[in-house]
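Student: I would like the atomic coordinates for the input below:
(one chain, ligands or ions: 3)
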Amino acid sequence: MAASFDLTGIIIQSSTSPLFTGTHNTKIKRPSPNAISTVIAGDVAPPESAQVERSVVRLGLPSKGRMSDETLNLLKSCQLTVRKPNPRQYTADIPLLPNLEVWFQRPKDIVRKLQLGDLDLGIVGYDTVSEYGQGSDDLVIVHDALEFGACRLSVAIPKEGIFKNINSIDELSRMTQWTAERPLRVVTGFTYLGPKFLKEKGLQHVAITTADGALESYPAMGTADVIVDLVSSGTTLRENNLKEVEGGTVLQSQAVLVASKRSLSNREGVLEITHEMLERLEAHLRATGEIMVTENMRGNNAEEVAHRVLSQTSLSGLQGPTVSPVYCLCDGKVEVDYYAISIVVPQKSLYKSIQQLRSIGGSGVLVSKITYIFDEETPRWRKLLSQLGI
Ligand SMILES: Nc1ncnc2c1ncn2[C@@H]1O[C@H](COP(=O)(O)OP(=O)(O)OP(=O)(O)O)[C@@H](O)[C@H]1O
Ligand SMILES: O=P(O)(O)OC[C@H]1O[C@H](OP(=O)(O)OP(=O)(O)O)[C@H](O)[C@@H]1O
Ligand SMILES: [Mg+2]
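Tutor: Ligands and ions are numbered 1, 2, ... in the order given. Down below sits the predicted model:
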C-alpha cells in the first residue's frame with residue numbers, strides 16, 4: 001500500500017492517495033468493535049446542496065461507463081428517447097416528458113444528489129444505490145429489474161497459496177493467522193458494503209483499503225490478500241487466478257430506477273412522471289422475450305377451436321387464446337371456414353407452440369414481435385404508493 005497512517009485509532013491505508021489526511025476530503029468510519037478498519041480514500045464528500053428553487057423534475061443518468069449507453073437504449077425502447085444537444089453537455093431532455101430535465105452524472109453522484117434533493121429520479125446499478133445510499137430512508141427503488149448491468153458483489157481470494165483449501169466465507173473467517181499486527185488485507189471499491197459484510201460474517205482483524213479499478217491485480221501484486229469487487233461473467237477473476245467463495249456474495253445487482261421519497265411526496269409532477277416511466281418500462285420489459293403467434297385453423301365454431309387450443313400446454317397465452325372467425329365468400333355466401341388464433345408465447349417456446357398448433361390442425365403461422373404489454377395496473381406502482389403511505 002502506498003501509505004499507512006493511524007488517526008484516532010483507525011488504521012488508514014490508501015492505495016490511491018498517499019497524501020490523504022482524512023480531515024478535509026475524506027469520510028472516516030469509526031472502527032467497529034471487531035477491529036475492521038475502513039478508509040474511504042479519494043472519495044470526496046459531495047458539496048452541500050444549494051437547493052435551488054425549481055419546478056422541473058430531474059432525472060439523473062450515468063454520464064459515463066458501461067451503464068450509460070444501455071440506459072439510453074432502454075429509454076429509447078420505451079419511446080423515451082433522450083435528446084442530448086451536444087456530447088459534452090451534461091443536461092438533456094426527453095421530448096415526450098416536457099416537465100423533465102435529464103442530468104448526466106457519475107452513478108455514485110446520482111445517488112448522492114437524490115439524497116441531497118438535487119435530483120428526483122435516477123437510473124443506476126443497485127450496487128451503487130446500496131453503497132452510496134447506505135440504507136437511506138429517503139431512497140426508494142421504483143423498478144428493481146431493468147434487465148441490464150447484471151453483476152454481483154463478491155468476496156474473492158487467490159486460488160493457490162494459503163487460500164488453496166479455503167472455499168467458503170466461513171472457512172475464511174476461521175483462518176487463524178490474521179492478527180491486529182497482520183490483518184487480512186482487503187481491497188474494495190465498496191468501502192461501506194464490503195466491511196459491513198465481512199463483519200456480519202464474523203471476520204476479525206481486517207484492514208480495508210480502496211482503489212478505483214483493476215482490483216483483481218492486487219493479490220498477485222502482493223498488496224492485498226482478498227478483494228471485494230463486482231463479478232459478472234467471472235472472466236476477470238479467472239484470468240487473475242482468483243476464486244469466489246461460497247457464501248461470499250454481498251449482493252446481486254442490476255440496473256434500477258431509484259427515486260427520492262421526499263421528491264415523490266413533495267415535488268409537483270414527480271409522481272406523475274414516475275408513473276409514466278414505470279408503466280413504459282414495465283410494458284417494454286414485459287414484452288421482451290414474448291412473441292405473438294397467429295395461425296388459422298378449421299373448426300365448427302369458436303368454442304370448439306378454443307377447446308382444442310386450450311388442450312395444449314404451451315398455448316394458453318397471456319389470458320387465454322383469442323379466437324376470431326375468418327370470413328370468406330363461398331358461392332356468393334359469406335361463410336366461416338377458418339378461425340384465426342392469436343396467442344402470446346415466450347420466444348423460447350416458439351417452436352414447441354408451433355408444433356402443438358400444427359398437431360391440432362393449425363396452418364399458415366404468422367409470428368410478430370410485441371413492443372409493449374401493458375397490464376391493468378403494475379404491481380410495482382401499488383408497492384410504491386404503499387411505501388409512500390398513499
Ligand atoms: N462486469 C460487469 N458486468 C455487468 N455490469 C457491471 C459490471 N461491472 C459493473 N457493472 C455495473 O455497471 C455499473 C457501472 O460500472 P462501472 O462504474 O465500473 O462503470 P465503468 O464503465 O467501469 O466506469 P469506471 O471507470 O468508473 O469503473 C456498476 O455499478 C454495476 O452496476
Ligand atoms: O466478471 P467479469 O465479466 O470479468 O466482470 C468483472 C469486472 O468488471 C468490472 O470491471 P470494469 O470492466 O468495469 O473495469 P474497471 O475495473 O476499470 O472499472 C469489475 O470491477 C470487474 O473487474
Ligand atoms: Mg468499472
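Student: partner strands of the helix or strand harbouring residue 334 and their direction?
Tutor: Using DSSP states H and E, residue 334 sits within strand 333-346. Strand 333-346 has the following sheet partners, assigned by DSSP bridges: strand 290-298 (antiparallel), strand 322-330 (antiparallel).
Student: distance from it to the middle of the chain?
Tutor: Centroid separation between strand 333-346 and its chain, computed with CA atoms, centre = their mean, to the nearest Å, is 41 Å.
Student: buried residues, that strand. List them.
Tutor: 338, 339, 340, 341, 343, 344, 345 (16 or more other CB atoms under 10 Å). Where you see a C-beta, it was placed from the backbone N, CA and C, and this is true even at glycine.
Student: what's whichever helix or strand comes after that strand in contact with?
Tutor: Of the helices and strands lying after strand 333-346 in sequence (DSSP H and E), the nearest is helix 350-359. For helix 350-359, contacts defined as CB atoms under 8 Å, 6 or more residues apart in numbering pick out 291, 293, 295, 297, 309, 312-315, 341, 343, 345, 362, 365, 367.
Student: change it to 6 Å
Tutor: 293, 295, 312, 314, 315, 345, 365 (CB atoms under 6 Å, 6 or more residues apart in numbering).
Student: angle of the helix or strand just after that helix against helix 350-359?
Tutor: Using DSSP H and E, the next helix or strand after helix 350-359 towards the C-terminus is strand 362-369. Relative orientation of strand 362-369 versus helix 350-359 (axes from the mean of the first three to the mean of the last three CA atoms, to 10 degrees): 150 degrees.
Student: so how far is strand 362-369 from its chain's centroid?
Tutor: For strand 362-369, the distance to the chain centre is 35 Å (CA atoms, centre = their mean).
Student: could you export that strand as CSV, CA atoms only?
Tutor: Below are the C-alpha coordinates for strand 362-369, written out as CSV (Å, rounded to 0.1, in the frame of the first residue of the first chain):
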residue,chain,number,x,y,z
GLY,A,362,-53.2,-25.2,-37.4
SER,A,363,-51.7,-23.9,-40.6
GLY,A,364,-50.1,-20.7,-42.0
VAL,A,365,-48.3,-19.3,-39.0
LEU,A,366,-47.6,-15.6,-38.6
VAL,A,367,-45.1,-14.6,-35.9
SER,A,368,-44.7,-10.9,-34.8
LYS,A,369,-42.7,-9.0,-32.2
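Student: show me what that strand is packed up against.
Tutor: strand 290-298 (3 or more CB pairs under 6 Å, 6 or more residues apart in numbering; DSSP states H and E).
Student: which neighbouring elements make contact with the helix or strand that the strand it packs on is followed by?
Tutor: Using DSSP H and E, the helix or strand that follows strand 290-298 towards the C-terminus is helix 302-310. Applying 3+ CB pairs under 6 Å, 6+ apart, we find helix 302-310 packed against strand 322-330, strand 333-346.
Student: re the thing from before, now the buried residues of strand 333-346 in TSV, with distance to residue 57?
Tutor: Formatted as TSV, the buried residues of strand 333-346 follow (distance: CB to CB, whole Å):
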residue	distance to residue 57
338	51
339	48
340	44
341	44
343	39
344	34
345	38
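Student: circling back to that earlier point, what is the rounded mean pLDDT of the strand holding residue 334?
Tutor: For strand 333-346, mean pLDDT rounds to 90.
Student: filter the contacts of helix 350-359 down to the buried ones, PyMOL style.
Tutor: Remark: buried members of the contacts of helix 350-359, expressed as a PyMOL selection using 16+ other CB under 10 Å:
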select buried, resi 293+295+312+314+315+345
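Student: send the alpha carbons of stretch 245-255 over as CSV?
Tutor: Extracted in CSV, the C-alpha atoms of stretch 245-255 (Å, rounded to 0.1, in the frame of the first residue of the first chain):
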residue,chain,number,x,y,z
VAL,A,245,-16.0,-18.2,-2.0
GLU,A,246,-19.3,-19.9,-1.1
GLY,A,247,-21.5,-17.6,0.9
GLY,A,248,-19.3,-14.7,-0.2
THR,A,249,-21.9,-12.8,-2.4
VAL,A,250,-22.5,-9.5,-0.8
LEU,A,251,-25.4,-8.6,-3.2
GLN,A,252,-26.8,-9.3,-6.6
SER,A,253,-27.2,-6.2,-8.8
GLN,A,254,-28.7,-4.9,-12.0
ALA,A,255,-29.8,-1.5,-13.2
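Student: is ligand 2 contacted by that stretch?
Tutor: No. Counting by CB under 6 Å from any ligand atom, ligand 2 has no neighbours in stretch 245-255; the shortest distance is 11.2 Å.
Student: residues from the stretch 251-390 of the chain in reach of ligand 1?
Tutor: Residues of the stretch 251-390 of the chain lying near ligand 1 (CB under 6 Å from any ligand atom): residue 253.
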